[in-house]
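Asks: Sequence first, then the predicted structure:
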Amino acid sequence: MTDRLARDWDDLARIDPMFTILSDVSKDAGRWDVEDFFETGRHDFVATLARAEEWSLPVSNELALDFGCGIGRVTQAMATRFEHCVGVDVSAAMISQAREFGEGMARLEFVHNVDSDLRLFGDGQFDLVYCSVVLQHLGRRSLVESFIGEFCRVLRPGGLLVFQVPHALALRSRLQLRRRLHHVLRSLRVGSETLAAAGIYPIGMLSVPPRRVERCLRDSDEEIVQLCVDVTRTPRYPSATYWVTRRSAVS
Ligand SMILES: C[S@@+](CC[C@H](N)C(=O)[O-])C[C@H]1O[C@@H](n2cnc3c(N)ncnc32)[C@H](O)[C@@H]1O
């Protein structure tokens with residue numbers, strides 16, 4: 001894991017965490033209302049549960065993992081259903097704000113993790129592994145694939161893994177001109193806040209074709225089964241959400 005990636009997320013978390021996470025142009029410069037922001041997390045989680053129910057997928061209620069949790073937008077919502085929810089993030093600043101926003105709420109735990117894997121968790125622990133708006137920012141496809149392998153490893157037999165990743169990018173996103181410009185200007189000692197105010201961000205985007213995701217799932221473990229794929233056709237980065245389970249052991 002590059003230190004720079006963690007440092008970039010830390011900078012953004014200190015400047016404007018909510019806009020960094022949900023970049024709605026009408027909410028930049030600290031204009032997100034806290035309640036509205038966390039309401040989006042409840043909305044996303046309710047939609048996830050509704051989809052699972054529609055497809056008759058298994059969702060239990062014990063232990064959930066929110067990978068790349070940010071400030072706990074979705075993790076907080078998960079805690080309304082799961083007995084214990086663990087949010088993991090590479091940014092210490094995101095984690096510290098997740099703890100502050102979640103203060104006094106039961107069932108939540110936030111963990112800082114800079115490793116390129118989830119070695120801090122044992123095999124087959126989680127009933128739900130959830131990851132949204134994270135994998136596209138990992139910088140390398142190989143890292144995305146290795147984290148997908150880790151999601152499968154920590155998934156309990158009969159558990160549900162739900163993760164989203166773009167499957168294509170518009171040329172503009174692929175060129176990553178702003179990210180490149182950010183790195184040049186930072187090396188000239190222009191401050192992160194100045195750059196963020198000018199809309200120049202350090203975070204890159206990538207996509208992973210479905211056949212690569214499917215191969216990665218197939219290779220991870222023979223008990224891992226891809227159940228469904230949900231495709232969202234947004235013009236700049238059409239995404240796929242993958243719904244996966246680990247078969248329960250046959251008795
Ligand atoms: C766009 S935000 C999304 C946050 C959250 N998933 C949500 O939907 O509210 C992306 C998050 O991924 C985190 N992240 C990026 N790379 C990561 C990594 N390698 N491990 C864990 N978290 C990571 C960032 O720090 C940031 O909080």
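Replies: Thanks, I have it.
Asks: Pull up the residues of the protein that are close to the ligand.
Replies: 1, 5, 9, 21, 68-70, 73-74, 88-91, 94, 132-134, 137-138 (CB under 6 Å from any ligand atom). Just so you know, the C-beta spots here come from the backbone N, C-alpha and C atoms, and that holds for glycine as well.
Asks: Among the residues you listed, name the ones in strands.
Replies: 88-89 (DSSP state E).
Asks: In ChimeraX, select just the buried ones from the residues of the chain next to the ligand.
Replies: One line in ChimeraX is enough to select the buried members of those, burial here meaning 16 or more other CB atoms under 10 Å:
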select :5,9,21,68,69,70,73,74,88,89,90,91,94,132,133,134,137,138
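Asks: Helices - which of the residues of the chain next to the ligand land there?
Replies: Mapping the residues of the chain next to the ligand onto helices (DSSP state H) picks out 5, 9, 21, 73-74, 94.
Asks: tell me the two of the residues you listed that are most distant?
Replies: Farthest pair in these (CB to CB) is Leu5 and Val74. Separation: 20.8 Å.
Asks: Point me to the residue of the stretch 151-251 of the chain nearest the ligand.
Replies: Ile203 (7.8 Å; CB to the nearest ligand atom).
Asks: In space, what's closest to that residue - neighbours in sequence excluded?
Replies: Of all residues not flanking Ile203 in the chain, His137 sits nearest, at 5.4 Å (CB to CB, 6 or more residues apart in numbering).
Asks: correct me, but Ser207 touches Ala170?
Replies: No. With contacts defined as CB atoms under 8 Å, Ser207 does not count as touching Ala170, sitting 9.9 Å away.
Asks: remind me, longest helix of this protein?
Replies: Max-length helix for the chain by DSSP H is helix 34-54.
Asks: what is the rounded mean pLDDT of that one?
Replies: On average, the pLDDT along helix 34-54 is 94.
Asks: pull the CA atoms of that helix into PDB?
Replies: Coordinates of each C-alpha in helix 34-54 appear next as PDB, following Å, rounded to 0.1, in the frame of the first residue of the first chain:
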ATOM      1  CA  VAL A  34     -24.700  16.100   8.400                       C
ATOM      2  CA  GLU A  35     -28.200  14.600   8.700                       C
ATOM      3  CA  ASP A  36     -28.700  14.600   4.900                       C
ATOM      4  CA  PHE A  37     -25.300  13.000   4.500                       C
ATOM      5  CA  PHE A  38     -25.900  10.100   6.800                       C
ATOM      6  CA  GLU A  39     -29.400   9.700   5.400                       C
ATOM      7  CA  THR A  40     -27.800   8.800   2.000                       C
ATOM      8  CA  GLY A  41     -26.100   5.900   3.900                       C
ATOM      9  CA  ARG A  42     -29.400   4.700   5.300                       C
ATOM     10  CA  HIS A  43     -30.900   4.900   1.800                       C
ATOM     11  CA  ASP A  44     -28.000   2.900   0.200                       C
ATOM     12  CA  PHE A  45     -28.200   0.200   2.900                       C
ATOM     13  CA  VAL A  46     -32.000  -0.100   2.800                       C
ATOM     14  CA  ALA A  47     -31.700  -0.400  -1.000                       C
ATOM     15  CA  THR A  48     -29.100  -3.100  -0.600                       C
ATOM     16  CA  LEU A  49     -31.300  -5.100   1.800                       C
ATOM     17  CA  ALA A  50     -34.300  -4.700  -0.500                       C
ATOM     18  CA  ARG A  51     -32.300  -6.000  -3.500                       C
ATOM     19  CA  ALA A  52     -31.100  -9.000  -1.400                       C
ATOM     20  CA  GLU A  53     -34.700  -9.700  -0.400                       C
ATOM     21  CA  GLU A  54     -35.900  -9.400  -4.000                       C
END
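Asks: Contacts for it next, please.
Replies: Here helix 34-54 makes contact (CB atoms under 8 Å, 6 or more residues apart in numbering) with 18, 21-22, 57-59, 72-78, 80-81, 101, 130, 132, 160, 162, 230, 243.
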